[in-house]
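Visitor: Whatever this is, show me its structure:
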Amino acid sequence: MSKIEIEVEFPDFEIVDFHLHFPITQDDWLRPYRDRYIQENGQGKWDELQVLNNSQPSWLKDWCFPTPEDTSDNIEEVAERWFEEVKRYPIDKVFFVTGGTNEILNDVVKMHPDKFLGFAHHYIKDENADSILRNAICNQGLVGYKILGPVVDVPLNDRQFDKVWAVCDELKLPVLVHFGILGGGSGIVSGPNISPLVLGEVAKRFPNINFIVPHFGCGYTNDLLQLCWACPNVYVDTSGNNLWTKWTMESYTLEQLFQKFYSTIGPDRIIYGSDSEWFPRGYAIRYFLDQYRACKNINIPNEDIRKIFRENALRLVKRP
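Guide: Purely as a prediction, here's the structure:
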C-alpha cells in the first residue's frame, strides 16, 4: 500500500506531545497482570485468550494504518528513526512515557535531549520503588512517573504507596496514570484501579503532585470529571484514537470531550498527547489533526489552544 503525503497548515507555534511510547521488545508492561492470570488459570488459557481477542488487524484497517513492524532491539537505530520522524513536523518536544526500562529510556533521552523527554515507568509495587523513582529523576534525568493503574492489584490509595507519593510530592512531579480498560479487546477490564476516583484521597494528601489521566478517562469520563472537580491538581490528557468512545452509551465526539473539559476545568488542565509508538506509522499526525480541528470547531481561542498543545506540558516539568 502506498503512503500518501498530505500538505497541512500547522498552527503558528511548535507543539509539545505529552504522550508517546518508545517501542522496545523489553517493554513488558502487562507482566504483573499476566503473571497473576497464568498463576490462577494456566499458560494455556492465557494463550487462548490472546488468540480469541486479537482485534488489531481490523482496527488498523478501520483507521487506514499500516501493519506494525516487528520491534527492533537496536535502541540507537530506533531513537534516530524517531528523531527524524519528529523533525518532519513542527514539534518542539515529545515525552516518552514508557520505553522498556528507566535505564533504556534515560539512554534514549540523552541521545536527543533537545527533543526527547522521558518518564520513569517501573512497577509501583517493586521493592524500593520510591528509591528507584528518586534515582530516575535526580540521576537519570527523567522528568515524571507513568503508572498503568489496572495492572496494579492493590488500590493506589493504599498507604503502602505513600513512600512513592512522597517522592513525587517532594519533587513536584507530573504523574501520568492510565485508568479504564487497558490493552483493548484482550486487555484488563476490572480491578481496584479501573476508575480514576481511586486517586482522590492521594491527590488530597499530596497536593504538590500533578496527576494526569490520559485518554479523557478511557471510558470513565464522568468519574474523571468528578475527580477533577474535587482535586485541582488533576489534569486530563487527550492522547490516542479514543476508540473507547465507541463502547459507551454516551457516544462522545472529540468536540464534546474538549468542550466538556474546557468548560469545567479550563484550558490550563488539558494536555495534548498522540499516543504514538510504532513504525511504519511513526508519528500519528492524524490524531493531532483531529484534536486540533475539534478545538477550532468549538471556537477555543488561539491562546488557549497554545496552552493545550504546548504550554501546559512544559509548565508541568518545570521544577525549582
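Visitor: And stretch 171-191, how far out from the chain middle?
Guide: Centroid displacement of stretch 171-191 relative to its chain, using Cα atoms, centre = their mean, to the nearest Å, is 8 Å.
Visitor: buried sites along that stretch?
Guide: 171, 173-182, 188, 191 (16 or more other Cβ atoms under 10 Å). C-betas here are computed from N, CA, C, even on glycine.
Visitor: Kindly report the same for stretch 131-150.
Guide: Of the residues in stretch 131-150, those buried (16+ other Cβ under 10 Å) are 132-134, 136-137, 140, 142-150.
Visitor: gap between the two ends of that stretch?
Guide: 23 Å (Cα to Cα, to the nearest Å).
Visitor: Where does the prediction get shaky in the stretch 201-320 of the chain?
Guide: The stretch 201-320 of the chain contains residues with pLDDT under 70 at 319-320.
Visitor: right, I mislabeled it, should have said the stretch 1-150 of the chain
Guide: By pLDDT under 70, the weakly predicted segments of the stretch 1-150 of the chain are 1-8, 26-27, 53-57.
Visitor: now, which of the buried residues of stretch 131-150 sits nearest F13?
Guide: Within the buried residues of stretch 131-150, the smallest distance to F13 is 20.9 Å, found for V143 (Cβ to Cβ).
Visitor: and that closest one, what is it in contact with?
Guide: Going by Cβ atoms under 8 Å, 6 or more residues apart in numbering, V143 touches 95, 117-119, 137, 173-174, 317.
Visitor: ok, it to H121 distance?
Guide: As judged by Cβ to Cβ, to the nearest Å, V143 and H121 stand 12 Å apart.
Visitor: and if you look at G144?
Guide: Following Cβ to Cβ, the distance that separates G144 from H121 is 9 Å.
Visitor: so what sits against both of the two?
Guide: Common neighbours of G144 and H121 (Cβ under 8 Å, 6+ apart) are V97.
Visitor: coming back round to it: of the contacts of V143, which is the nearest to L30?
Guide: For those, the nearest to L30 is F119 (17.7 Å; Cβ to Cβ).
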